[in-house]
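Peer 1: Fold the following, please.
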Amino acid sequence: MFIPAQVEEAIHVHADNCLPNECCGLLAMDDENRIRMAYALTNIEGSPARFTMAPEEQFGAFTHAERLGWRIGGVFHSHPIGEATLSPRDIFQPHDPDWIHVVVGMRPERHLRVWRIENDEPREITL
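Peer 2: The predicted structure follows:
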C-alpha cells in the first residue's frame, strides 16, 4: 500500500487541527486501488475517543469521488491519546469489508498505520 505524500500530509494536518478530538475522513481510490484523495470530514461527536462522520459531508465526498471516476475505498481517523492501532470500537462498528482503515496515532509520537478488517480481525497492511 502506498499513500502519496500530499494525502498523508492532509491526514496529519486534519489530525492536528482536530485535537484534542479524533479526526475522521474518507479516502478516494482509483481503478488501480491507488489512494487519490483524503476527504477531511467533521467528527460530529467531538470526542477524543470516538468518531462519527457528518452524513452530508460523506455524501459530498462520495459525489465528488464519483464525478472524478474514483470510489471511496477507505476511512481514516486519529487516536489523539493513543497509538495507530484499531480499537475494539473501530473493529466492530459497521464498515465496508473491502475498505482500508488508516489510523494516525499521536502517542508516543505521531505515526500512521494502515489496516484491513477481515472476519472481525485487524490485519496490518505494510506501507
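Peer 1: which residues touch the spatially most central residue of the chain?
Peer 2: With distances taken as C-alpha atoms, centre = their mean, F76 lies nearest the centre of the chain, 0.6 Å away. By C-beta atoms under 8 Å, 6 or more residues apart in numbering, the contact list for F76 reads I11, C23, C24, G25, L26, L27, A38, H101, V102, V103, V104. For every residue, glycine as well, the C-beta is placed using N, CA and C.
Peer 1: The second one touches N43, doesn't it?
Peer 2: Think C23. Yes: taking contacts as C-beta atoms under 8 Å, C23 lies within contact range of N43: 6.4 Å.
Peer 1: And the contacts of the host helix or strand of H12?
Peer 2: Per DSSP states H and E, H12 falls inside helix 5-18. Contacts with helix 5-18, where a contact means C-beta under 8 Å, 6+ apart, come from 3, 23, 25, 27, 35-38, 40, 43, 76, 78, 80, 102, 104, 106, 110, 112.
Peer 1: Can you say which of those residues are buried?
Peer 2: Neighbour-count burial (16 or more other C-beta atoms under 10 Å) is assigned, among those, to 3, 23, 25, 27, 35-38, 40, 43, 76, 78, 80, 102, 104, 106, 112.
Peer 1: So which of those sit within strands?
Peer 2: The strands, defined by DSSP state E, take in G25, L27, I35, R36, M37, A38, A40, F76, S78, V102, V104, L112 from those.
Peer 1: Throw those residues into a markdown table and include pLDDT and distance to T85, thanks.
Peer 2: A markdown table is the format used below for these (pLDDT from 0 to 100; distance: C-beta to C-beta, whole Å):
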| residue | pLDDT | distance to T85 |
| --- | --- | --- |
| G25 | 98 | 18 |
| L27 | 98 | 18 |
| I35 | 97 | 20 |
| R36 | 97 | 26 |
| M37 | 97 | 25 |
| A38 | 98 | 20 |
| A40 | 98 | 22 |
| F76 | 97 | 14 |
| S78 | 97 | 12 |
| V102 | 97 | 12 |
| V104 | 97 | 11 |
| L112 | 95 | 12 |
